[in-house]
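Undergrad: Dropping a prediction and its sequence here:
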Amino acid sequence: MQNLNLYQVERKQRSGPRVRHMLIGLGVVLLLCVVHGSWQAWQLHAGALRLAQVQAAAQEQEARLEAATGSFVEPLLDERLPLELSVKERDNRELQRLIAYLQLLSSQRSGGFVAPLLALTEQHPESGLWLNNINLQDGGRHMRLQGFSQDQELLPAYLQRLGQSAVFSGREFARFDVQRGDDQLLRFDLSSQLKEQEAIDE
C-alpha cells in the first residue's frame with residue numbers, strides 16, 4: 001500500500017508578472033522617455049536657432065532700411081532745366097528751318113537756281129564790288145543783277161569772268177545801266193537772258 005502524507009503543507013503557486021520582467025519594462029519605458037525628450041530638446045534647439053537667424057535677418061533689413069532712409073535725398077527740379085529746354089526747342093526750330101532751306105535749295109537746284117548763284121559767288125571779286133539784288137526767273141534763263149562798285153574797271157572784269165563761266169555762256173545782255181552816285185559809288189543794273197537758240201536747246 002502507498003502511504004499518503006495528509007499533513008504535508010501545500011505550496012501556493014505564484015501568479016502575475018515577475019519582478020525581473022517589470023524592471024525590464026520599466027527600463028524600456030525610461031529609455032523611450034529619454035529618446036523622446038532628447039528629440040524634443042533637439043527640435044527646440046533647432047527652432048531657437050532658426051528664430052535667432054530670422055531675427056538677425058530682420059534686424060539687418062531694418063538697419064539697411066534705416067540707413068537708406070537716412071541717406072535718401074528727395075530729388076529737386078533743376079532750375080536750369082526750363083531754360084535748357086527752351087534753348088533745345090529753339091535749336092530744334094533753327095534746325096527745322098535749316099532743313100526747309102536745304103530742301104528749298106534742292107528744289108531750286110532742279111530748277112537751275114543753284115548753279116548761277118554758285119558761279120556768281122566764285123567769280124565775285126574779293127573787294128570793291130557788292131551785289132545787293134539778284135533776281136533769277138524761269139529757272140535762271142532771265143537774270144538781273146544790281147549792286148555797287150568802287151572802281152569802274154571792276155565791273156567789266158567781273159562781267160568778263162561771268163561770261164567765261166560755263167553757267168553763263170550763251171547769254172545776251174538786254175540791259176546794262178551804270179550811274180555814279182553822290183557817294184562816288186557806281187550803281188549798276190544788269191539784265192541778261194539766254195539766247196533763243198540756247199533756251200530752245202535746254
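TA: Arrived safely. Numbers count the residues shown, from 1 in each chain.
Undergrad: quick one: the helices in this protein?
TA: Using DSSP state H, the helices of the chain run over 19-71, 80-111, 114-123, 154-164, 196-201.
Undergrad: Compare those helices and give me the one nearest residue 141.
TA: helix 196-201 (5.9 Å; C-beta to C-beta). For the C-beta atoms, the positions are set from N, CA and C on the backbone; glycine is no exception.
Undergrad: Tell me how many other residues crowd residue 133.
TA: 9 (other C-beta atoms under 10 Å).
Undergrad: List the buried residues for stretch 44-60?
TA: When burial is assessed from 16 or more other C-beta atoms under 10 Å, stretch 44-60 yields no buried residues.
Undergrad: Could I have the CA atoms of stretch 26-45 written out in CSV?
TA: C-alpha atoms of stretch 26-45 as CSV (Å, rounded to 0.1, in the frame of the first residue of the first chain):
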residue,chain,number,x,y,z
LEU,A,26,10.4,50.0,-16.7
GLY,A,27,13.8,50.3,-18.3
VAL,A,28,12.3,50.3,-21.8
VAL,A,29,9.8,53.0,-20.8
LEU,A,30,12.5,55.1,-19.3
LEU,A,31,14.7,54.7,-22.5
LEU,A,32,11.8,55.8,-24.7
CYS,A,33,11.2,58.8,-22.5
VAL,A,34,14.8,59.8,-22.7
VAL,A,35,14.8,59.4,-26.5
HIS,A,36,11.6,61.4,-26.9
GLY,A,37,12.9,64.1,-24.5
SER,A,38,16.2,64.3,-26.5
TRP,A,39,14.3,64.6,-29.7
GLN,A,40,12.1,67.3,-28.3
ALA,A,41,15.1,69.1,-27.0
TRP,A,42,16.8,69.0,-30.4
GLN,A,43,13.7,70.3,-32.1
LEU,A,44,13.5,73.1,-29.6
HIS,A,45,17.2,73.9,-30.1
